[in-house]
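Asks: what's the 3D shape of this:
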Amino acid sequence: MELKEEGCPGRQGDRRRLRLRRDLRVSLADGAAHGGMVGFGETYLPAFVLAVGLGEIMAGLIASVPLLAGGLMQLASPAGVRILGSHKRWVILCAGIQAVSFVPFLLAALGGRITGPTALLIAAIYWGTGLATGPAWNTWIGTVVPHAVRSRFFAFRTRASQAAVFGGFLAGGLGLQLAASAGHAIAAFAVMFALAGLCRFGSVVLLTLHSEPVPIPANMRRVSAREMWRLFQGDGGGKLLVYLVAVQAAVQLSSPFFTPFMFTKLHFSYGQYVFLLSVAYLTKILALPFFGRLARRFGAWRVLWIGGIGITPISAAWLVTQDFGWLAAVQVVSGVVWAAYELAFFLLFFESIRDEERTSVLTVYNFINSLAWVSGAVLGGALLVSTGAGFHGYLLLFGLSAVGRCLALMLLVGVQPTAQMPGARVLAQPAARSAAVGADAALPGAAAMAGLPAEVADVVAFISNRDSGAATSA
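Replies: Reported below is the predicted structural model:
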């Protein structure tokens, strides 16, 4: 019997299913390509800055200060979408510019030198265009993937992206270790930046292959500053937002400076550096499904408390001893507690944003998040400079970051587990940013939705089954 779909002839329904299967496949590939860019390129920018001799402070700031410029640049996202008349066109334009941003880093690595202001400018372009794709991509992909399969499909897509991030990070680290032993570490950075740029160019090609059923929602609107201010003053979701911003600032007080600390004070090799960060990343991936099940059974609010309490002492644990075995154990715990925090973050915050408001709301949130990120990093850098960037100056930052997280946790006391975001429609996909690898950080838009319980086989079956009843029109 021929399948009918929403009153349409079977042949039209077949075309829709074929289009949907193609969209899901290219979206999976796009996620993996984006993850490769992060793994090969973004995660090694601080190490590159150190390698070319720009110093410890610049190594800490390169992954934080440009985010403020990026946050400002991405505020143009809603206007850009309207001018181009399409979320897809805006995303492709920004992704293309982000891919090109690796060219100056590649040339700098080949030449073995780059100035601090130039590095910050290029990084600002990278972050700005990357952040600008996020809100528009979320709105666009929400019109492509049917609601019935979103959580499972995006869990699968996020795992593919995370695997690519880890693969790129691990391959890059091993390449750097081998190149450094032969005295050619800078040349290895050139290769890595070239691979990162190629991954993003590949992502751009894949994005062009996506369909766009609804270029702009008919009732797309801008959420006013007054509405956002009322949101922050709200009893439930507003206080949750304040907590998340406070945690971001406290974390970034120390997080950007773990890399220079490991290289310049502990004198770790690239291999040791990659091992420590890989341990945290792998344990996070392994822990996410457990916390997904826990959130489903007991609620995301309890998971947030587990994560919030767990991440509080992590940076201070580096004060106990700098023994490599101890730090490896700390990284295992770090991966677990950050998995809980990031998953609860998305379940509680991104669960109710209307399609027509999503681009506007996420744009404002990205800016506030970036502002907190940069504020914490700049304060941390200033404190480090005031102590002469000595060994104990780093330990001071790690301790103060733990104190800040503890104070932020007090903001959750008495808050009811209700979301107060505008609208009531479930957002079943994560933000566009992949989860990068870090020693101790809450990543902007970290893809924590990978922790939602989902069987990969279910998604594969959905993609390949022509008669799946879930394959409705997007």
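Asks: burial measure for the nearest residue to residue 160 once chain neighbours are set aside, as a count.
Replies: Of all residues not flanking residue 160 in the chain, residue 32 sits nearest, at 4.9 Å (Cβ to Cβ, 6 or more residues apart in numbering). Bear in mind the C-beta positions are built from the backbone N, C-alpha and C, glycine included. Neighbour count of residue 32, defined by other Cβ atoms under 10 Å: 24.
Asks: phi, psi for residue 32 please.
Replies: Torsion angles at residue 32 (phi, psi; degrees, to the nearest 10) stand at phi -70, psi -40.
Asks: give me the low-pLDDT residue ranges for this structure?
Replies: For the chain, the stretches with pLDDT under 70 are 1-13, 150-151, 155, 217-238, 346-347, 349-363, 415-474.
Asks: do a quick rundown of the helices in the stretch 301-450 of the chain.
Replies: 324-349, 355-386, 391-409 (DSSP state H, counting those that start in this stretch).
Asks: skip the chain neighbours and tell me the closest residue to residue 396.
Replies: Nearest one to residue 396, counting by Cβ to Cβ, 6+ apart, is residue 387 at 6.4 Å.
Asks: return the residues in contact with the spatially closest residue to residue 311 that is not a sequence neighbour.
Replies: Nearest residue to residue 311, sequence neighbours excluded (Cβ to Cβ, 6+ apart): residue 337, at 5.0 Å. The neighbours of residue 337, taking Cβ atoms under 8 Å, 6 or more residues apart in numbering as the test, are 306, 307, 310, 311, 314.
Asks: cool, and residue 268?
Replies: 262, 276, 324.
Asks: once you drop chain neighbours, what's closest to residue 397?
Replies: residue 254 (4.5 Å).
Asks: and for residue 106?
Replies: residue 193 (4.4 Å).
Asks: phi, psi for that neighbour please.
Replies: phi -70, psi -30.
Asks: how about residue 60?
Replies: Per degrees, to the nearest 10, the backbone of residue 60 is at phi -80, psi -40.
Asks: the residue nearest to residue 311 and residue 343, how far apart?
Replies: Distance of residue 337 to residue 343, computed by Cβ to Cβ, to the nearest Å: 11 Å.
Asks: so what sits against both of those two?
Replies: Joint contacts of residue 337 and residue 343 (Cβ under 8 Å, 6+ apart) are residue 307.
Asks: can you show me the strands along the stretch 101-250 of the chain?
Replies: Counting by DSSP state E, counting those that start in this stretch, the stretch 101-250 of the chain has no strands to list.
Asks: and the helices in it?
Replies: 102-111, 116-144, 150-181, 185-209, 225-233, 237-252.
Asks: could you give the number of residues near the residue nearest to residue 397?
Replies: Around residue 254 there are 33 residues (other Cβ under 10 Å).
Asks: phi and psi next, for it.
Replies: phi -120, psi -30.
Asks: list the contacts for it?
Replies: Per Cβ under 8 Å, 6+ apart, neighbours of residue 254: 315, 380, 397, 398, 400, 401, 440.
Asks: kindly report the same for residue 127.
Replies: 66, 67, 69, 70, 71, 370.
Asks: right, and the first one touches residue 116 too?
Replies: What it means is residue 66. No: between residue 66 and residue 116 there is no contact under Cβ atoms under 8 Å: 11.6 Å.
Asks: between the two, who's got more neighbours?
Replies: Using other Cβ under 10 Å as the criterion, residue 66 and residue 116 rank with residue 66 on top: 24 against 15.
Asks: from the contacts of residue 127, which land in strands?
Replies: Among the contacts of residue 127, no member falls in strands (DSSP state E).
Asks: and of those residues, the nearest to residue 270?
Replies: residue 66 (23.4 Å; Cβ to Cβ).
Asks: how close does that closest one sit to residue 402?
Replies: 26 Å.
Asks: contacts for stretch 30-39?
Replies: So stretch 30-39 is contacted by 99, 157-158, 160-172, 195-197, 199-200, 202-203, 206-207, 210, 432, 434, 436-437 (Cβ under 8 Å, 6+ apart).
Asks: filter those down to the buried ones.
Replies: 99, 157-158, 160-166, 168-172, 195-197, 199-200, 202-203, 206-207, 210, 432, 434, 436-437 (16 or more other Cβ atoms under 10 Å).
Asks: next, the buried residues of stretch 315-323.
Replies: 315, 316, 317, 318.
Asks: identify the residues contacting the last one.
Replies: Residues near residue 318 by Cβ under 8 Å, 6+ apart: 258, 327, 330, 395, 398.
Asks: give the contact list for the fourth one.
Replies: Meaning residue 395. 318, 319.
Asks: from residue 321, how far off is it?
Replies: Residue 395 is 11 Å from residue 321, by Cβ to Cβ.
Asks: also the first one?
Replies: Distance of residue 258 to residue 321, given as Cβ to Cβ: 15 Å.
Asks: one more: the third one?
Replies: Relative to residue 321, residue 330 is positioned 10 Å away (criterion: Cβ to Cβ).
Asks: next up, the contacts around the residue nearest to residue 106.
Replies: 40, 41, 102, 105, 106, 109.
Asks: tell me the contacts of the residue nearest to the third one when sequence neighbours are not counted?
Replies: Same thing as residue 102. Leaving aside its chain neighbours, residue 102 sits nearest to residue 197 (3.5 Å; criterion: Cβ to Cβ, 6+ apart). Contacts for residue 197 (Cβ under 8 Å, 6+ apart) come out as 37, 41, 99, 100, 102, 103, 106.
Asks: and with 7 Å instead?
Replies: 99, 102, 103, 106 (Cβ atoms under 7 Å, 6 or more residues apart in numbering).
Asks: OK, contacts around the third one?
Replies: To tie it back to what came earlier, the one meant is residue 103. Applying Cβ under 7 Å, 6+ apart, the residues near residue 103 are residue 197.
Asks: what does the last one give?
Replies: Taking Cβ under 7 Å, 6+ apart, we find residue 106 in contact with 190, 193, 194, 197.
Asks: any idea how far the closest residue to the first one other than its chain neighbours lies from residue 56?
Replies: Taking Cβ to Cβ, 6+ apart as the measure, residue 190 lies nearest to residue 109, with 3.7 Å between them; neighbours along the chain are not counted. According to Cβ to Cβ, residue 109 stands 19 Å off from residue 56.
Asks: again with residue 255
Replies: 14 Å.
Asks: which of these two has more neighbours?
Replies: residue 255 (27 against 23).
Asks: thank you kindly, that will do.
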